[in-house]
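*Asks:* here is the input, now give the coordinates:
(one chain, ligands or ions: 1)
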Amino acid sequence: MERIVVVGAALAGTRAVQSLHAEGFTGEVVVVGAEDHLPYDRPPLSKKLLTGDLAPEAIALRHELDDTTTWLLGRRAVGLDPVARRLRLADGESLAYDGLVVATGSAARRLPTVPHVPGTFLLRTLDDALALRSELVPGARVAVVGTGFIGTEIASTCRDLGLEVTLLGALPVLHRPMGPLSPAAAERARAYGVQVVEGVTVAGLDVDGCVTGVRLDDGTTVPADVVVVAVGAAPVTDWLAGSGAVLEDGVVCDETLAVLGVDDVVAAGDVARWPHPALGGDLLRVEHWTNAAEQGAAAARRLLHGPGVAAFGPVPSFWTDQFATRIQGVGFPTLGPDVTVVDGDPAGRRFVAEYRRAGRLVGAVVAGSPRALLPYRAELQHLAQAPLLPTAGAA
Ligand SMILES: Cc1cc2nc3c(=O)[nH]c(=O)nc-3n(C[C@H](O)[C@H](O)[C@H](O)COP(=O)(O)OP(=O)(O)OC[C@H]3O[C@@H](n4cnc5c(N)ncnc54)[C@H](O)[C@@H]3O)c2cc1C
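*Replies:* Numbering: from 1, shown residues only. So this is what the prediction gives:
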């Protein structure tokens with residue numbers, strides 16, 4: 001291969017570039033990124049960058065600035081012709097490639113009941129975070145719609161800034177990642193001073209030039225000067241429509257991250273959906289930092305070395321910082337309905353919880369206790385050798 005094009009200049013794309021160089025690739029690497037910024041880290045956007053404790057320069061990802069890597073920033077890919085091996089950009093230019101890495105991540109979902117009026121925000125990019133930060137001023141009343149990781153982190157950050165904040169959503173707080181421990185997550189948020197309203201959806205906004213409140217389907221209204229919609233993200237695959245790449249809640253890959261339906265194209269990060277060895281062939285898509293980093297590197301190796309590389313199957317892991325607590329998880333807690341708290345208090349700053357399915361350990365979640373995670377990570381490595389039964393909805 002003489003030229004490899006990486007689409008998406010963020011974590012997975014950056015790790016792919018680093019891996020190409022580390023594996024000895026001496027051809028040309030071109031990275032196409034829709035944002036104007038060089039690659040940066042997203043986790044601080046809802047945490048220390050939002051409080052102002054970190055400046056934008058402090059969250060830059062290490063990237064290769066060398067003669068063989070070209071960074072095309074502020075440029076969006078809009079189409080792929082896998083027969084001619086060309087990538088089409090929004091400005092009409094097209095780039096030839098011998099191999100291509102899909103690393104376009106995911107984009108924040110909108111809510112049809114929350115129109116884009118002054119005072120409403122999404123949080124996915126650095127520009128989103130800087131815009132939101134400028135509105136988190138003393139006295140601002142904030143409503144966060146969405147009770148997942150990002151919603152809870154934003155609520156926590158607002159409390160750190162001394163703001164009044166309501167966290168609301170259809171699902172209980174951290175319902176998907178924590179399962180039966182969700183009530184403890186809500187308790188932790190309330191203890192930090194957050195108003196928590198679960199089991200509601202947004203019917204509409206009150207607007208008087210800018211937003212003044214969030215109307216809920218139960219007939220109540222939450223007064224708010226700032227509304228942040230944090231209801232999850234969707235994989236960015238529109239630019240691959242019609243290319244032949246298999247698209248189904250992400251870009252579908254084989255077990256080595258080669259994209260199905262097109263040659264010499266691999267995918268990594270939030271956008272990639274692949275059969276994880278631990279799931280007996282079921283497809284998985286993961287929206288966590290560690291997966292994007294590891295998968296970017298692995299996808300680049302697959303592109304260079306071909307189908308003989310090992311299946312991609314590390315044990316997934318995540319962390320979240322909220323309400324002065326670091327919560328970390330490993331494995332597939334969402335697949336384990338049977339939860340045992342073996343240490344601490346799940347509403348407190350320190351606990352260890354095991355998630356089991358039919359008696360088998362499938363995941364663990366810990367808080368304030370990073371070392372406690374290590375034995376679980378080691379034990380869960382064996383899942384790839386003896387997969388869980390095929391299951392639905394593991395991501
Ligand atoms: C606010 C926030 C906080 C988070 N906190 C945590 C955390 O605490 N722990 C954790 O494990 N994970 C966290 N995550 C998730 C983690 O950041 C993501 O899993 C990771 O960023 C995924 O990286 P990626 O490179 O796959 O995709 P992305 O980071 O989504 O990057 C994709 C890039 O591709 C670009 N792109 C999209 N379409 C095109 C196109 N057509 N042409 C060119 N470029 C394009 C986008 O502009 C973007 O820059 C957080 C995410 C967010 C948003």
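
*Asks:* could you use CA atoms for every contact and neighbour count after this?
*Replies:* Fine.

*Asks:* any idea how far the ligand is from the most centrally placed residue in the chain?
*Replies:* Closest residue to the average C-alpha location of the chain: E287 at 3.3 Å, with Cα atoms, centre = their mean. For E287, the distance to the ligand equals 4 Å [Cα to the nearest ligand atom, to the nearest Å].

*Asks:* spatially, what comes nearest to that residue if we skip its sequence neighbours?
*Replies:* D270 (4.8 Å; Cα to Cα, 6 or more residues apart in numbering).

*Asks:* pretty sure that neighbour contacts G232?
*Replies:* No - if you go by Cα atoms under 8 Å, D270 and G232 don't touch, sitting 11.8 Å apart.

*Asks:* looking at those two, which one has more neighbours?
*Replies:* Using other Cα atoms under 10 Å, the more surrounded residue of D270 and G232 is D270, with 27 against 19.

*Asks:* in a strand, that one, correct?
*Replies:* No - D270 is assigned helix when assessed by DSSP: H, G, I helix; E, B strand; the rest coil, not a strand.

*Asks:* OK, contacts around it?
*Replies:* Contacts for D270 (Cα atoms under 8 Å, 6 or more residues apart in numbering) come out as 103-106, 235, 285-288, 292.

*Asks:* what about 7 Å?
*Replies:* 105-106, 235, 285-287, 292 (Cα atoms under 7 Å, 6 or more residues apart in numbering).

*Asks:* one more: R356?
*Replies:* 336-339, 362-363.

*Asks:* apply 8 Å and report the result again.
*Replies:* With Cα under 8 Å, 6+ apart, R356 has these contacts: 333, 335-339, 362-363.

*Asks:* go on, A10?
*Replies:* Contacts of A10 (Cα under 8 Å, 6+ apart): 33, 38-41, 103.

*Asks:* now swap in W274 and tell me
*Replies:* Neighbours of W274 in contact, by Cα under 8 Å, 6+ apart: 252-255, 257, 282-285.

*Asks:* got it, and V194?
*Replies:* So V194 contacts 155-156, 159, 164-167 (Cα under 8 Å, 6+ apart).

*Asks:* up against the ligand, what does the protein have?
*Replies:* 7-13, 32-35, 42-43, 45-46, 76-78, 103-106, 123-124, 150, 236, 239, 269-270, 287-290, 292, 318-320 (Cα under 6 Å from any ligand atom).

*Asks:* quick one: which of those sit in strands?
*Replies:* Counting by DSSP state E, the part of these found in strands is 7, 32-33, 77-78, 106, 318-320.

*Asks:* and the spatially most distant residue from the centre of the chain, how far from G219?
*Replies:* Here the chain reaches farthest from its C-alpha mean at D208, the gap being 33.6 Å by Cα atoms, centre = their mean. Applying Cα to Cα, to the nearest Å, the value for D208 to G219 is 19 Å.

*Asks:* so how far is the first residue of stretch 134-145 from its last?
*Replies:* 19 Å.

*Asks:* where do the strands sit along the stretch 1-150 of the chain?
*Replies:* For the stretch 1-150 of the chain, the strands defined by DSSP state E, counting those that start in this stretch occupy 3-7, 28-33, 69-73, 77-81, 86-89, 94-96, 99-102, 106-108, 120-122, 141-145.

*Asks:* and the third one, which residues are buried?
*Replies:* Meaning strand 69-73. Applying a neighbour-count criterion of 16 or more other Cα atoms under 10 Å, one finds 69, 71-73 buried in strand 69-73.

*Asks:* and those residues, which is closest to G308?
*Replies:* Taking Cα to Cα as the measure, G308 sits nearest to T69 out of the buried residues of strand 69-73, at 26.5 Å.

*Asks:* pLDDT wise, what is the closest one at?
*Replies:* Among the per-residue scores, T69 holds a pLDDT of 91.

*Asks:* equivalent analysis for T391, please.
*Replies:* The per-residue pLDDT reported for T391 equals 50.

*Asks:* same deal with A394?
*Replies:* For A394, the model assigns a pLDDT of 44.

*Asks:* cool, I59 as well?
*Replies:* Value for I59, per-residue pLDDT: 96.

*Asks:* doesn't P43 make contact with it?
*Replies:* No - contact criterion Cα under 8 Å: I59 and P43 do not qualify, at 9.1 Å.
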